[in-house]
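J.: Whatever this is, show me its structure:
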Amino acid sequence: MPRAWRLALLAAAVACGGGGADTGFTAEPPDITGRYNAQLRWASGCEGDASWVEDWAAGPLTVSDAGGGILEFDFGEGMAFSGGVGATGGYSFSGELTWAGAALSVQHDGEAGEDEEGRRLLSGTFAVRVDEDGLESNDCTVEAGMEAYLLADADGGAG
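T.: Alright, predicted model coming up:
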């Protein structure tokens, strides 16, 4: 390979952060495990009956490592869902369960970040399909916005 080509490749590698330089990129997702206080900010759907989400999603939330890159999002009283978090802080969880006599299909997508005071914050949106009678034709969906503030991390430290 001519010397000019080698120098050009070396210059390109240095300019692109090659050669082992720290580029600030990490493939590791943030650790969002801990105990949170979840608050619903808004809800709509199901003819104005947001209780399908409000009655269980507001209050304590524990996010724990279930192994294998899977997280458990546990709102208590059997309302626990499997999910995960990506390298950029986007997280999601979902699951199906029976609650108050209805089959719920729960989907939640959000972002992990910090509030203006530097506290960890999970902020996202629920979509909960409610089936009270087994017939899809009259199912309804509640959408709700949630913010959850870290109270204590997985090691017990304050958020």
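
J.: For the host helix or strand of G113, which residues meet the burial criterion?
T.: According to DSSP states H and E, G113 maps onto strand 102-114. Neighbour counts over strand 102-114 (16 or more other Cβ atoms under 10 Å) mark 102, 104, 106-108, 110, 112 as buried. In short, each C-beta sits where N, CA and C put it, glycine included.

J.: Could you do stretch 51-63 as well?
T.: The neighbour-count check on stretch 51-63 (16+ other Cβ under 10 Å) flags 52-53, 56-58, 61-63 as buried.

J.: and what of stretch 71-85?
T.: Neighbour counts over stretch 71-85 (16+ other Cβ under 10 Å) mark 71-75, 79-81, 83-85 as buried.

J.: Reformat the residues you listed as JSON lines; add secondary structure, distance to L121 and pLDDT.
T.: Formatted as JSON lines, those follow (DSSP: H, G, I helix; E, B strand; the rest coil; distance: Cβ to Cβ, whole Å; pLDDT from 0 to 100):
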{"residue": "L71", "secondary structure": "strand", "distance to L121": "16", "pLDDT": "98"}
{"residue": "E72", "secondary structure": "strand", "distance to L121": "19", "pLDDT": "98"}
{"residue": "F73", "secondary structure": "strand", "distance to L121": "15", "pLDDT": "98"}
{"residue": "D74", "secondary structure": "strand", "distance to L121": "18", "pLDDT": "98"}
{"residue": "F75", "secondary structure": "coil", "distance to L121": "17", "pLDDT": "97"}
{"residue": "M79", "secondary structure": "coil", "distance to L121": "21", "pLDDT": "95"}
{"residue": "A80", "secondary structure": "strand", "distance to L121": "21", "pLDDT": "96"}
{"residue": "F81", "secondary structure": "strand", "distance to L121": "19", "pLDDT": "97"}
{"residue": "G83", "secondary structure": "strand", "distance to L121": "17", "pLDDT": "98"}
{"residue": "G84", "secondary structure": "strand", "distance to L121": "18", "pLDDT": "97"}
{"residue": "V85", "secondary structure": "strand", "distance to L121": "13", "pLDDT": "97"}
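
J.: Cheers, nothing more for now.
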